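In: Please find the sequence and the predicted model below.
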Amino acid sequence: MKHNISAKHVIMGTAGLAVLSALSGCQSSQEENQNAEAPNKFLVVEQQPNGKYVVIEEMPTTGPSRAIIHETDENGTVHERVMSEAELKAMADQEYKKMQEGKSELNSEPRSEGMGLGGTILAAAGGALLGNMIGNALMNNSNFRKNQDASNKSAYHRSANQSGSKATSGSPKKSFFGGSSSRSSGSSSSFGG
């Protein structure tokens, strides 16, 4: 028995497999995105001389969300306290309710660096503490995003924001060896001939 396999059959089979794998890959990544929870946060929050608070360190954590709060008393002594996930959730929930009523600093344009402690906690970890739906609703509010940037000075926040936006420049990109990635009109040679 002779099997006749033409190039057309091979191409059709390969194309079919490529389409099936692409479709299954898209479906699984969408399911993963829908099932993914906002990562829990570990925050270090510092009180500023003006009485407002800013996040100076932020890291995703596999444990419960928690925060270390650095506050300065009237004598200039810095006190440190730890807030548990339950305390952070209660504070974020209270601030979110104030925001819905239009009574939060998060509703208006930022006036200075930092915010009250509740606003700072909600801006830094709202999705992790209150869930992705609330986190997404907050991110759709331009004043919230501006206040979030004004109250979060952590390197993690800056790198997360920069990865979401693409910077463009007029200068050519440099290659690994320092040359420009644009092609020159010089001659090229090949090995062996």
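Out: Great, that's in hand. Residues are numbered from 1 along each chain as shown.
In: per-residue pLDDT, Gly63?
Out: Per-residue confidence (pLDDT) for Gly63: 91.
In: Asn40 is in contact with that one, correct?
Out: Yes - counting by C-beta atoms under 8 Å, Gly63 touches Asn40, with 6.6 Å between them. Glycine gets a C-beta too; all of them are placed from N, C-alpha and C.
In: Now do the shared contacts for the two.
Out: Counting by C-beta atoms under 8 Å, 6 or more residues apart in numbering, Gly63 and Asn40 have no shared contacts at all.
In: for stretch 69-89, what is the average pLDDT?
Out: Across stretch 69-89, the average pLDDT comes to 94.
In: Next, the distance between the ends of stretch 93-107.
Out: 15 Å (C-alpha to C-alpha, to the nearest Å).
In: And for Lys52, nearest residue in space, chain neighbours not counted?
Out: Spatially, and ignoring its direct neighbours in sequence, Lys52 is nearest to Gly114 (2.9 Å; C-beta to C-beta, 6 or more residues apart in numbering).
In: what about that neighbour, how many neighbours?
Out: 26 (other C-beta atoms under 10 Å).
In: cool, and Asn136?
Out: By other C-beta under 10 Å, the residues close to Asn136 number 12.
In: same question, Ala86
Out: 12.
In: now swap in Ala123 and tell me
Out: For Ala123, the count of nearby residues is 27 (other C-beta under 10 Å).
In: try Leu129
Out: So Leu129, with other C-beta under 10 Å, has 24 neighbours.
In: what's the answer for Ile121, then?
Out: 30.
In: Show the subsequent helix or strand relative to the helix or strand of the chain with the lowest mean pLDDT.
Out: None of the helices or strands of the chain scores lower by mean pLDDT, DSSP states H and E than helix 7-35, at a mean of 55. The helix or strand immediately downstream of helix 7-35 is strand 40-47, counting by DSSP states H and E.
In: Name the residues that touch that next one?
Out: By C-beta under 8 Å, 6+ apart, strand 40-47 touches 53-72, 85, 117, 120-121, 124-125, 128-129.
In: what's the distance between Ala90 and Ile68?
Out: From Ala90 over to Ile68 the distance is 17 Å, taken as C-beta to C-beta, to the nearest Å.
In: what's the answer for Thr61, then?
Out: Going from Thr61 to Ile68 by C-beta to C-beta gives 12 Å.
In: With Gly119 instead?
Out: Distance, Gly119 to Ile68, using C-beta to C-beta: 18 Å.
In: more neighbours, those two?
Out: Between Gly119 and Ile68, Gly119 has the larger neighbour count (other C-beta under 10 Å), namely 25 against 15.
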